[in-house]
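[1] Okay, structure incoming, though there's no sequence with it:
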DNA sequence: CCGGATCACTAATGCGTATTAGTAATGCGC
DNA sequence: GCGCATTACTAATACGCATTAGTGATCCGG
């Protein structure tokens, strides 16, 4: 009878005998007198299924301790088909030298929430993807090594994001982003927060309020205007285009004369939006100062967001704070939900009202 | 004839058909019309062995791009290879709410250097209690997923670090750490920097200089003292215990009287070490102010490091800056060297002398 | 035109753990 | 004492990639 030709065994070269490598589940199993599968079951502590006798469990755990067994994360993650890695992508450096413009406040929340859920974070930057893979149309390909990815900043290229989303790769954008169909995002609820600020002013007796905003169409701007107008309506105050001033260089600047004009018309409160540059607030603040307004007494000011760093020393503006850490945490929650296929989490995060000291009772007119 | 009983096939449940999962090498191979092994060979670009025709290589790479294939890091690691990931582990939160104590400045350099070398960073958060890594005795096990790991802060548990090192896992500690045999580290060269500051003072004519330090034995402290004394010796100035003052509560505080005493003895320059709290500098600065010293004229002050944030507004102290980003970069270089088995890189990073305005010519004594 | 060498690839592993089908052993009801 | 459940395990995968022995094919020298 023809003995089947003994095929040689390809594959990995045998490990060098010298080094005592760290123990595997197989060694633990041998020592405990059980099978490798049993060791895995004892250690896994899975919710359902297998039942293990108390004695076996003890034997296994003793062996684990005796050998100092530590599971190999690579193997665990491979077998579980889950890396427990969440990507964090920012097109610019995640840690820019200029701390002011960094994503630091978001990362605080991202890190916490990720840690709480047992995820580790992989940091990708525009430059890092250039290292491993070409920075071509597939610059974002490398993020696929994670189970899902969080995108910071508005510079994430739409085409590539679309591709990831289309492939079913879990993606969450930090900051509202509606133009991209199917892209999950989390953002701050500027509408409610702005509305609340107006309500506050109205409660203080202000009957005419003007919003100063910049002339762009970012969602963050339109949301604030929306909330502002909603707040006016709710309080039964005059809204409409007259209540909103769009500053634009050089035609329409927020001049001292313009401010005086408003005051003469009976406007007693002014609201500025927050932008990257803080220009709206700076202009409003500057004009008010120039005109010589005694801020909480003659007229009230409010800021829909936080002041720019250079104005941080001034009296705290009435307005709201964007809870950046919570935003980061919410983004992680949503990403985790997508990764595990659960129902999507809440995309909007509430801002917190900041009383500040630039708003007071409306001046009494005789 | 008895057909051998068709044994059912245990193992993993089939993947849910709905979701298009990330592409595998197998899919790439199918698309390119080659075997999975060929894909691996093309992508691996290993030094020796297999030769691949130019055409096949092109077909494979095209397929890789078309599918957006990215290797699974866990699988790569398990197959005893690299995954181009470097871990960053901090026992405390990497992004603490308190920005002052953050590792941010280091991370700036870490990220840059890692990106430049084609590595991505994985943030392993030590504070993670739930989820994947229970905070038990094996909190550090997760880092083995990466090719190597950088440890920040002095809280990394020695036992676990020792274990990693013993297993030959590449580890670099940011900050000197001699007590752990075989642990690689990078640190700032406090000795040379301190010596340089003393040399500067000596060149300005100061003949008696006193070091004010706190009463602990951290390497950062002893190094500075070492460099200080070395500087004195080099300049032919009196050293010995009398030149060093260890402040300790409540017995030995840096009082105004003590300072006056030194001045009377002919001391014309004072040097403080930098610590987490900045207490040494604060005490020295405060006492000098209290005594009414006109700083660069009556006596010179120097700080071996950077001032605490609350004293940042004061005149810039003469001393040196710790180049934190460069330290981070150096740590990555060393880690990369360990990972690739090259010769170890330089562990010491030079500090940069900061002229400042608190040191001037020694006052002339008549 | 045949033996050996080189080339270009593929088949068949192994890495260490998680999962699941299967299987003895025991308990239980009637 | 026979079926049926339950309990407590184990055998046999699969996960995705790297590695290596092997296999045709082609080339080359004599």
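    Arrived safely. Note that the coordinates shown come from a computational prediction; the quantities given were computed from them, not determined experimentally. Residues are numbered from 1 along each chain as shown, chains lettered A, B, ... in the order given.

[2] The residue of the stretch 151-300 of chain A found nearest chain B: neighbour count?
    Here the stretch 151-300 of chain A gets closest to chain B at one residue, residue A:168, 4.8 Å apart by C-beta to the nearest C-beta. C-betas here are computed from N, CA, C, even on glycine. Using other C-beta atoms under 10 Å in any protein chain shown, residue A:168 is surrounded by 14 other residues.

[3] Could you look up the SS state of it?
    coil (DSSP: H, G, I helix; E, B strand; the rest coil).

[4] which phi and psi does it have?
    For residue A:168, the backbone dihedrals are phi 80, psi 10 (criterion: degrees, to the nearest 10).

[5] now the strands: where do they sit in the stretch 151-300 of chain A?
    Applying DSSP state E, counting those that start in this stretch to the stretch 151-300 of chain A gives strands spanning A:171-174, A:184-188, A:209-214, A:244-247, A:269-273, A:300-304.

[6] Let's have the ones you listed in a markdown table, adding mean pLDDT, mean neighbour count and distance to residue B:66.
    As requested, these are arranged in a markdown table below (pLDDT from 0 to 100; neighbours: other C-beta atoms under 10 Å in any protein chain shown; distance: least, C-beta to C-beta, whole Å):
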| stretch | mean pLDDT | mean neighbour count | distance to residue B:66 |
| --- | --- | --- | --- |
| strand A:171-174 | 94 | 26 | 20 |
| strand A:184-188 | 94 | 22 | 25 |
| strand A:209-214 | 93 | 22 | 43 |
| strand A:244-247 | 89 | 18 | 46 |
| strand A:269-273 | 96 | 28 | 44 |
| strand A:300-304 | 97 | 28 | 46 |
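
[7] quick check: domain ranges of chain A?
    Annotated domains of chain A cover A:85-186+A:328-349, A:190-323 [automatic domain parsing].

[8] out of the ones you listed, nearest to residue B:291?
    Closest to residue B:291 of these is domain A:190-323 (C-beta to C-beta; 31.1 Å).

[9] first vs last residue of the closest one, how far apart are they?
    The straight-line separation of the ends of domain A:190-323 (C-alpha to C-alpha, to the nearest Å) is 11 Å.

[10] Centre of the chain to it, how far?
    For domain A:190-323, the gap between its own C-alpha mean and the chain's C-alpha mean amounts to 26 Å (C-alpha atoms, centre = their mean, to the nearest Å).

[11] And whichever residue of chain A sits closest to chain B, how far from residue A:289?
    Using C-beta to the nearest C-beta, the closest approach of chain A to chain B is made by residue A:118 at 1.6 Å. Separation of residue A:118 from residue A:289 (C-beta to C-beta, to the nearest Å) stands at 51 Å.

[12] and if you look at residue A:139?
    Residue A:139 is 46 Å from residue A:289, where distance means C-beta to C-beta.

[13] More neighbours: which of the two?
    Neighbours were counted for residue A:139 and for residue A:289 using other C-beta under 10 Å; residue A:139 has more, 19 against 12.

[14] Is the more buried one part of a helix or strand, or is it coil?
    coil.

[15] same check, this time on residue A:69
    Residue A:69 ends up coil, using three-state DSSP.

[16] these two touch, right, it and residue A:23?
    Yes. The pair residue A:69 / residue A:23 is scored as a contact, 4.8 Å apart, by C-beta atoms under 8 Å.

[17] higher neighbour count, the two?
    Counted by other C-beta under 10 Å, residue A:69 and residue A:23 do not tie: residue A:69 has more neighbours, with 21 against 17.
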